[in-house]
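Student: coords please:
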Amino acid sequence: MEPTLNASSRPRLHVNDTGGTGRPVVLIHGWPLSSAAWEKQVPALTEKGYRVISYDRRGFGASDKPEGGYDYDTMTDDLAALLEEKDLRDVTLVGFSMGGGEVARYVGAHGEERLHSIVFASAVPPYLMQTADNPSGPLTEDAAKEMEDGLKAGRAAFFDDFTKNFFSAGDELKVSEEDRQKAIRLCEQSDQTAALACMEAFGTTDFREDLEKITVPTLVLHGDADGIVPVEGSGLRTHKAVAHSRLALIQDAPHGCNVSHPQAFNDALIEFLEQG
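Tutor: Numbers count the residues shown, from 1 in each chain. Reported below is the predicted structural model:
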């Protein structure tokens with residue numbers, strides 16, 4: 001594991017870089033986890049010759065936990081600074097859940113010069129919050145408030161319940177208890193200020209204009225039984241918004257499909273990387 005110091009005005013991000021000369025694949029984790037959530041993907045990608053870079057978002061995992069900067073513009077600037085610091089080019093960005101927001105905003109704010117392709121995995125775009133001009137948004141204000149209140153009331157109980165929903169299709173838990181407990185430990189590493197602010201960010205940020213700017217090869221990868229970020233209100237709408245995108249649905253898979261269905265997830269991702 002390689003700790004990386006970005007520009008002095010930015011927090012220190014904890015970065016993992018497998019090195020090598022292969023095409024770089026940058027993995028951006030979901031909320032409220034860390035780069036360790038990619039443990040079932042990194043070996044498979046490395047075995048195929050890719051240089052795999054993952055990092056802990058500010059406020060999460062082993063990265064610095066500043067008081068602010070948890071809006072998507074700032075967090076995407078962190079990603080841009082990482083790509084520039086390592087001079088990464090011909091990159092595939094893979095954004096899981098909340099991380100899909102950074103992928104979309106990166107294109108919208110920084111363009112595609114450094115990019116080869118992008119992947120939205122169980123991702124929040126185009127716009128989660130249900131509003132008058134976004135009636136298909138899967139997140140209601142009441143549900144968002146309930147989630148916020150739950151986290152404020154008690155982290156342990158919230159993360160226990162959240163990870164059950166995260167890894168369940170319907171009422172069936174699709175991972176081992178060991179994997180669920182591992183995810184809870186990652187959740188517990190999050191800073192409370194960061195967790196609450198990012199909850200608001202991924203719930204209320206509109207990525208529809210960002211998606212319109214995407215021209216590079218794009219994969220939308222989603223579990224068809226996702227109860228956290230339902231595919232009907234997110235993945236399928238992103239697939240429609242990015243007309244040239246490819247869609248890969250994992251049958252009977254929950255939100256955390258990279259852990260519950262790693263073989264299917266990795267196969268779809270690697271097939272896209274090899275063809276894209």
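
Student: Would you mark the buried spots in stretch 108-126?
Tutor: Buried residues in stretch 108-126, counted by 16 or more other CB atoms under 10 Å: 108-110, 114-126. All C-beta spots, glycine's among them, are computed from the backbone N, C-alpha and C.

Student: my read: Asp71 touches Cys198, true?
Tutor: No - counting by CB atoms under 8 Å, Asp71 stays clear of Cys198, with 9.2 Å between them.

Student: So those two - more neighbours on which side?
Tutor: Ranked by neighbour count (other CB atoms under 10 Å), Asp71 and Cys198 place Cys198 first, with 24 against 16.

Student: Could I get the pLDDT score of the more buried one?
Tutor: We have a pLDDT of 98 for Cys198.

Student: for Ala248, phi and psi?
Tutor: Backbone geometry at Ala248, expressed as degrees, to the nearest 10, gives phi -130, psi 110.

Student: that older thread, for the buried residues of stretch 108-126, name the two members farthest from one another.
Tutor: Arg114 and Ser122 (23.8 Å; CB to CB).

Student: isn't there a strand covering His14?
Tutor: Yes - judged by DSSP: H, G, I helix; E, B strand; the rest coil, His14 forms part of a strand.

Student: Find the nearest non-adjacent residue to it, please.
Tutor: Excluding its sequence neighbours, the residue lying closest to His14 (CB to CB, 6 or more residues apart in numbering) is Ala62, at 3.8 Å.

Student: what ranges do the strands span in this protein?
Tutor: Using DSSP state E, the strands of the chain run over residues 2-4, 13-17, 24-28, 51-55, 91-96, 115-121, 168-169, 172-173, 218-223, 246-250.

Student: Tell me which of the ones you listed approaches Asp78 most closely.
Tutor: Minimum separation from Asp78 across the strands of the chain (CB to CB) falls at strand 13-17, 6.3 Å.

Student: residues touching Arg57, list them.
Tutor: 13, 28-29, 34, 63, 75, 78, 99, 198 (CB atoms under 8 Å, 6 or more residues apart in numbering).

Student: got JSON lines for those, with distance to His222 too?
Tutor: Formatted as JSON lines, the contacts of Arg57 follow (distance: CB to CB, whole Å):
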{"residue": "Leu13", "distance to His222": "27"}
{"residue": "Ile28", "distance to His222": "16"}
{"residue": "His29", "distance to His222": "16"}
{"residue": "Ser34", "distance to His222": "22"}
{"residue": "Ser63", "distance to His222": "27"}
{"residue": "Met75", "distance to His222": "22"}
{"residue": "Asp78", "distance to His222": "25"}
{"residue": "Gly99", "distance to His222": "14"}
{"residue": "Cys198", "distance to His222": "20"}
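
Student: Please identify, among these, the one with the most neighbours.
Tutor: Gly99 (30 neighbours).

Student: Surely that one touches His29?
Tutor: Yes - between Gly99 and His29 there is a contact under CB under 8 Å: 5.7 Å.

Student: where does this structure have low pLDDT?
Tutor: Of all residues in the chain, those with pLDDT under 70 make up the ranges 1-8, 276.

Student: Give me the outermost residue of it relative to its centroid.
Tutor: Distance to the chain centre peaks in the chain at Ala132, reaching 26.2 Å (criterion: CA atoms, centre = their mean).

Student: Next, format the strands of the chain as TSV and append distance to Ala143.
Tutor: Shown next, in TSV, are the strands of the chain (distance: least, CB to CB, whole Å):
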stretch	distance to Ala143
strand 2-4	36
strand 13-17	31
strand 24-28	24
strand 51-55	29
strand 91-96	21
strand 115-121	22
strand 168-169	17
strand 172-173	21
strand 218-223	19
strand 246-250	24
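
Student: hang on, the earlier thing: now do the same contact list for the residue farthest from the centre of the chain.
Tutor: Contacts of Ala132 (CB under 8 Å, 6+ apart): none.

Student: ok, the buried residues of stretch 108-126 vs Val52, which is closest?
Tutor: Looking at these and their distance to Val52, the nearest is Val119, at 13.1 Å (CB to CB).

Student: Might one say that the closest one is in contact with Gly95?
Tutor: Yes - counting by CB under 8 Å, Gly95 is a contact partner of Val119 at 7.0 Å.

Student: Show me the helices in the stretch 51-200 of the chain, by range?
Tutor: Using DSSP state H, counting those that start in this stretch, the helices of the stretch 51-200 of the chain run over 72-85, 99-110, 141-153, 155-166, 177-188, 192-204.
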